[in-house]
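Enquirer: The following block contains a protein sequence and its predicted model.
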Amino acid sequence: MNVLEVRDLGVRFGEVPAVRGLGFAVAGGEVLGVVGESGSGKSAAVLAVLGLLPPKAVVTGSVRLHGRELVGAPDKELTALRGKALAMVFQDPLAALTPVHRVGAQIAEAVRVHQDLSRRQAWARAVELLDLVGIAEPARAARAFPHEFSGGMRQRVMIAMAVANDPDVLICDEPTTALDVTVQAQVLEVLRDARRETGAAVVFVTHDLGVVAGIADRVLVMREGRAVESGPVEEVFARPRMPYTRELLAATPRLDREAAVLRGVPRPPVPVLRVENLVKEYRRGVRVVDRVSLDIRAGETLGLVGESGCGKTTLLMEILGLAAPRHGRVVVFGRDTARLGRRDRLALRRDLQIVFQDPMASLDPRMTVHDILAEPLRMHRLPLDRVPELLRLVGLAPEHAARYPQDFSGGQRQRIAIARALALEPRLLVLDEPVSALDVRIRAGVVELLAELKARLGLAYLFVAHDLALVRRIADRVAVMYLGRIAEIGPAERVFSAPRHPYTRALLAAVPLPDPVAERARPRVPLAGETPSPAGPLTGCRFRARCPVYPGLPETARSRCAGEEPELEGQDGAACHHASGGAR
Amino acid sequence: MWRFVIRRALFGLLVLWLVATTVFLLFFAGPADSVARRLAGPRAPQEVVNQIRDTLGLDRPLTQQYLGFLNKLLHGDLGTSFISQTPVSTLIMASLPATLWLVAGAAALWLTAGVTGGVICATAPRSLRDRLITVTVLAGISLPTFVLGIFMIFLALSVFPWLGLAPGPYIPPLEDIRGFFQVMIMPWITLAVVQAAVYVRLTRGSMLDTLGEDYIRTARAKGAPEHRVTYRHGLRAALTPVVTQFGVDIGALLGGVVVTESVFGLQGLGQLMIRSVRDGDLPVIIGAAVLAAAFIVVANILVDIAYSFLDPRVRLT
Amino acid sequence: MTTDVTTEAPVAAPAAPSRRRVVAGRFLASWRGRAGLALLAALFLLAFAGPPAAAWSFEDRDFLAFLSPPTAAHWFGTTQSGADVFVVTMHGMRRSLLIGLLVAVVSTAVAAVVGAFAGYYLGWTDRVLGWVTDLLLVLPAFLIIAVLSPALGQGAWLVMVGLLAAFMWMVTSKMVRGLAVSLRKREYVLAARFMGVPGYKIIFRHVIPNMSSLLIVDATLNVSAAILTETTLSYFGFGVRPPEVSLGGLIADGAATALYAPWTFWFAAGLLILTILAVNLAGDALRDAFDPASGGARR
């Protein structure tokens, strides 16, 4: 029995159509995954269902909830339905929760608006709901403010608010996109529970094919406001009919596919970068990077993975700063950073460059592309005629040099950023999540480019990413960071196929596969808890609070984990007292 | 939080000391004769200049004068007015109530009008009422206070004489409540008009920003009725910059609502300051300057504290 | 897969209009922008082309017409000493406009530099600059300028400009500092740092230009604030002093005779209001032209 029926839905912002002729239906207890890249109109469509679009949007077509027409319904009717029959979970929980009201009050408000309960009763219900979504110490948590919570906890709060009144339809708009992969796995579990408890029809909007494969029963693929393909999830993934769907699937890297990386090739002897026991401390002894050691050889790609708070960005900034670290050593191209004079540092910068994550923010909007590329050349007194050549190198036309960054798409901007990084002919390129802000098809293009450049120019890459499947594809070696330390490091193939550290194993298990059959067949044991703050006192192994292996250990083994901090031995292994060669 | 208050209070004292020192240097730096001449005025006869020089001890080395000055300041002795021979503190105390009442009354008016107007505009952007209010506000901001004041007096005397409003010195409310209002209404309105215009814009802008945030959408998605969304979520979060601005304004105004007081002859602190500058009445100037600075420092501390209550994300450091 | 340049939509074929043109277009499209600009142009024209067109000069005294109402000979009437009100008012307006413009430009420039350096470097630079800013904010500006003005002597209106600017830059610099703090973490700033570009160059090349819309709007609105402050000071006799005239002084003189010789007061007052209104209109429209999404917060 279809709870929600959408027919010929159209959304227009002024002259621009965001959604055209969209139709779908969802039955109770069913999950419909809506997939599309940015600009596909998927968010506009679901906001239209709830009537939450800004007043200047024009909505046409039909949306029926239990047969009742919602488009054009008076606002009073819609307000009565929202939060009760129709509930929504948004993407960015920090922005989506009112910062000045306590979390419990916001959930209680959702309850009191639709049910006739006293303040105290509503508060009690709020605490109950917080417990339901898996928040520890719910009574205390209810009194906290949104900014005191982590991303995963905030999203649980949003889910609690959404299910407070037992909705018939639950719409989720990219609810896990902003979360770490292990936290995503937890929140997806919570959503599955919520669906089970309420029996609601769920519409799950996302751009991540792996997530859809895991959670959806049926899939709807959208492109530029239209539906491209729809059907049961196994069908669409295994036998996509439309070329666009096929492109999307082809462009999505899979964690379970081996990369075509040569095995057994000896590493070149010369390290371009060596980090020894690097420590970066903020005030009051908070160690964001705590004795990290790694090295990169000429022409190698080291993938640095880790979730938020692990310190990978801080590590990058420390390396790039070329300043003497508080503890430890950084040796770049054979030069110790602690002993650099100003001129040496300037000269070294030619060999070490960076490409950032956000293509919007990495190019100065006030400068032309020519000036952006010329800036490093001018700084180091190199001839400016290299600019057209650089643009060609990254697949752009030299005539584009007179334009401004906002005239280009995200992928093109990232190419310009790469061109800028190559201007000084570096030997080591640091890439901080260079493709995570791009659509999946564009991503593939930029990754291709990077592989090409690496082969052609003999570059070494320090590649930071949270997309493990991508890292498996392109990295020679992988280092996994957790809470300021390296948990595991080694050749990429070894780490991915035979991870030794329990965290690596959990991380790999949490990455959803874009293959419904395989994904559903996997055992689901999400890693518990969240990454603790580095400010807390840390004795012994800092992973033991969440370690799935720890509770099963005998007493003596456990005390070793509690008292003695595990160290990495060499450049291939795990920092764990009980590392095993166990497969996932 | 107390650590914060203490730290800021100490900093405030430092600032007050700097203010006093600056004022001191402005007047007393220089050879004794030129200072005396400056204080006496260009037309005073030489005997007066000499008298001033001797009374103030301008022949002493500068550091000695400065220390003496500080010493007296610390004892609360702001000196005695040259002109009226009354202690400065008395003069200040006498003129304080007028200023306090003026600012308090006007503040009540402009806050209500300003915030209400801002909310009305923000909840219906680009509508007719928004445009009308915006234009009115623009006119209001462009009105210099003294022009408005003179215009009001003109209206009161020529067009509405039967209201009995007239400019004049402050009358304490306990003495004559009717006279109090008759004297204060025009200054209140004059001061409030320009300020209200500023606050309408401030509230409107802040609310527009807030209403565009994601959490407003969440509140609507919960099914909260529109007025709850606007006030409990929108206005509540938008108030912070308004409160901050209010605190700063109060502090600044208490230290010198010069124009309004002068135009209406209210004999408040501001008018005292102007007179003392005109007359070269140094002790009063110094006293008024330090007091004005003190008001601003205290107001800033209060604003920071209020801010931390309004916005739980802010931690007092 | 081949490079994505071919699969991505090509860059818009006709060159996208430059930012300057877009902003100018939006500014002129709003009635406030047009009105403000027109009014300002008219006022400037009046102030600078008016006196040469009039039959009287600034120093002339018409001994046959003391305190006479507007006539064909004296467009705005005469003062008690026989001076032509029109010419005198125009001179006053000229002075006020000039002072306002200069003060706004200087104070915004100082605010931009101080705020940007404080926000970019943080640490001790920020702390010291912060103390200076806070101290100046607390000093009673009106009082100090009033006290110092007799010492200025005649014709020292440039010093007056300096004084006014010295007390006006602080609020803007706090705003600039806030923006600089967020910009310093922006990726294009980091990229420049890691290229080896020194800090001060980054500030002038990347940080300040990216605040230009804020600074322009702020400068425009500061013009009206400066004119207002100067006029208020002059009204009390502390600002521009004779033989120089400013609108404030004229208003002060006219206030005494306003009831029976309204032309001595209302022309000056009216022109003052129009000037400030024009600047505010233009400033408002400019702010919306730069950032149509903003509802106009801050002030």
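Expert: Perfect, I can see it now.
Enquirer: From now on I want contacts and neighbour counts done on CA atoms only, so please keep to that.
Expert: Fine.
Enquirer: Look at the residue of chain A found nearest chain C and say how many residues are nearby.
Expert: Closest to chain C within chain A is residue A:362: 4.3 Å, counting by C-alpha to the nearest C-alpha. Close neighbours of residue A:362, defined as other C-alpha atoms under 10 Å in any protein chain shown, add up to 22.
Enquirer: Do I have it right that it meets residue C:183?
Expert: No: the pair residue A:362 and residue C:183 fails to qualify as a contact (C-alpha atoms under 8 Å) at a distance of 11.3 Å.
Enquirer: Return every residue with contacts to both of those two.
Expert: residue C:189 (C-alpha atoms under 8 Å, 6 or more residues apart in numbering or on different chains).
Enquirer: any chance you could map the helices in chain C?
Expert: Taking DSSP state H to define them, one finds helices in chain C at C:19-29, C:31-53, C:85-121, C:123-138, C:141-148, C:157-166, C:169-183, C:187-195, C:199-202, C:212-235, C:247-257, C:263-290.
Enquirer: what would those look like in a markdown table with distance to chain B, mean neighbour count and mean pLDDT?
Expert: Listed next are the helices of chain C as a markdown table, based on distance: least, C-alpha to the nearest C-alpha, whole Å; neighbours: other C-alpha atoms under 10 Å in any protein chain shown; pLDDT from 0 to 100:
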| stretch | distance to chain B | mean neighbour count | mean pLDDT |
| --- | --- | --- | --- |
| helix C:19-29 | 15 | 15 | 84 |
| helix C:31-53 | 9 | 17 | 87 |
| helix C:85-121 | 14 | 24 | 92 |
| helix C:123-138 | 5 | 16 | 90 |
| helix C:141-148 | 6 | 20 | 81 |
| helix C:157-166 | 14 | 19 | 87 |
| helix C:169-183 | 11 | 21 | 92 |
| helix C:187-195 | 25 | 23 | 93 |
| helix C:199-202 | 28 | 15 | 94 |
| helix C:212-235 | 7 | 23 | 88 |
| helix C:247-257 | 8 | 23 | 83 |
| helix C:263-290 | 5 | 23 | 87 |
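Enquirer: which one of the ones you listed lies closest to chain A?
Expert: Smallest distance to chain A across the helices of chain C (C-alpha to the nearest C-alpha): 4.3 Å, for helix C:187-195.
Enquirer: how about the closest one, does it reach chain A?
Expert: Yes: if you take C-alpha under 8 Å from any C-alpha of the partner chain as the test, helix C:187-195 does meet chain A, through C:187-189, C:191-192, C:194-195.
Enquirer: which intervals of the stretch 151-300 of chain B have sub-threshold pLDDT?
Expert: For the stretch 151-300 of chain B, applying pLDDT under 70 flags the ranges B:256.
Enquirer: Mind telling me what element the residue of chain B at minimum distance from chain C is part of?
Expert: Of all residues in chain B, the one sitting closest to chain C is residue B:205 (3.9 Å; C-alpha to the nearest C-alpha). In this assignment (DSSP states H and E), residue B:205 forms part of helix B:177-211.
Enquirer: if we can go back for a sec, right, so of the helices of chain C, which gets closest to residue C:59?
Expert: helix C:85-121 (8.9 Å; C-alpha to C-alpha).
Enquirer: Can you say which of the helices of chain C is nearest to residue A:279?
Expert: Distance to residue A:279, taken as C-alpha to C-alpha, is lowest for helix C:187-195 among the helices of chain C, at 20.5 Å.
Enquirer: Pull out the buried positions in stretch A:179-196.
Expert: Neighbour-count burial for stretch A:179-196 flags A:179-191, A:194-195 (criterion: 16 or more other C-alpha atoms under 10 Å in any protein chain shown).
Enquirer: ok, now stretch A:552-570?
Expert: Within stretch A:552-570, judged by 16+ other C-alpha under 10 Å, the buried ones are A:558, A:561-562, A:565-568.
Enquirer: got the end-to-end distance for it?
Expert: 28 Å (C-alpha to C-alpha, to the nearest Å).
Enquirer: Give the rounded mean pLDDT of that stretch.
Expert: Average pLDDT, stretch A:552-570: 85.
Enquirer: sorry, back to before: quick one: the residue of chain B closest to chain C and chain A, what's the gap?
Expert: Look at residue B:205 and chain A: by C-alpha to the nearest C-alpha, to the nearest Å, they are 18 Å apart.
Enquirer: Number of residues surrounding that residue?
Expert: Counted with other C-alpha under 10 Å, residue B:205 comes out at 23.
Enquirer: Within range of chain C, give me the residues from chain A.
Expert: So far as C-alpha under 8 Å from any C-alpha goes, chain A lies against chain C at A:320-321, A:346, A:349-350, A:353-354, A:356, A:358, A:361-366, A:376, A:379, A:395-396, A:403, A:407-409, A:412, A:442, A:444-446, A:448-449.
Enquirer: Now intersect those with the strands, please.
Expert: Judged by DSSP state E, the subset of the residues of chain A next to chain C located in strands is A:353-354.
Enquirer: Quick check on the residues of chain A next to chain C: which are buried?
Expert: Of the residues of chain A next to chain C, these count as buried by 16+ other C-alpha under 10 Å: A:320-321, A:346, A:349-350, A:353-354, A:356, A:358, A:361-366, A:376, A:395-396, A:403, A:407-409, A:412, A:442, A:444-446, A:448-449.
Enquirer: Buried residues in stretch A:85-98, which are they?
Expert: A:85-98.
Enquirer: How far off centre is it?
Expert: 18 Å (C-alpha atoms, centre = their mean, to the nearest Å).
Enquirer: List every C-alpha atom in that stretch, with coordinates, as PDB.
Expert: Taking Å, rounded to 0.1, in the frame of the first residue of the first chain, the C-alpha atoms of stretch A:85-98 are listed here in PDB:
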ATOM      1  CA  ALA A  85       2.800  12.300   9.500                       C
ATOM      2  CA  LEU A  86       5.800  13.700   7.600                       C
ATOM      3  CA  ALA A  87       9.200  13.900   9.200                       C
ATOM      4  CA  MET A  88      12.500  15.000   7.900                       C
ATOM      5  CA  VAL A  89      16.200  14.500   8.800                       C
ATOM      6  CA  PHE A  90      18.500  17.100   7.300                       C
ATOM      7  CA  GLN A  91      22.100  16.900   6.300                       C
ATOM      8  CA  ASP A  92      24.000  19.300   8.500                       C
ATOM      9  CA  PRO A  93      22.900  18.700  12.100                       C
ATOM     10  CA  LEU A  94      24.900  21.600  13.500                       C
ATOM     11  CA  ALA A  95      23.200  24.100  11.300                       C
ATOM     12  CA  ALA A  96      19.800  22.300  11.600                       C
ATOM     13  CA  LEU A  97      19.500  22.600  15.400                       C
ATOM     14  CA  THR A  98      18.800  25.900  17.100                       C
END
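Enquirer: Can you tell me what sits against it?
Expert: With C-alpha under 8 Å, 6+ apart, stretch A:85-98 has contacts from A:50, A:106, A:146-147, A:151, A:154-155, A:158-159, A:162-163, A:165-178, B:213-218, B:221-222, B:233, B:237.
Enquirer: Can you flag the buried ones in these?
Expert: Using 16+ other C-alpha under 10 Å, the buried ones in the contacts of stretch A:85-98 are A:50, A:106, A:146-147, A:151, A:154-155, A:158-159, A:162-163, A:165-176, B:213-218, B:221-222, B:233, B:237.
Enquirer: just the residues of the stretch 51-200 of chain C that are near chain A, which are they?
Expert: C:186-189, C:191-192, C:194-197.
Enquirer: try 7 Å this time
Expert: With C-alpha under 7 Å from any C-alpha of the partner chain as the criterion, the stretch 51-200 of chain C comes near chain A at residues C:186-188, C:194-197.
Enquirer: Can you tell me the centre-most residue of chain B?
Expert: residue B:253 (0.7 Å; C-alpha atoms, centre = their mean).
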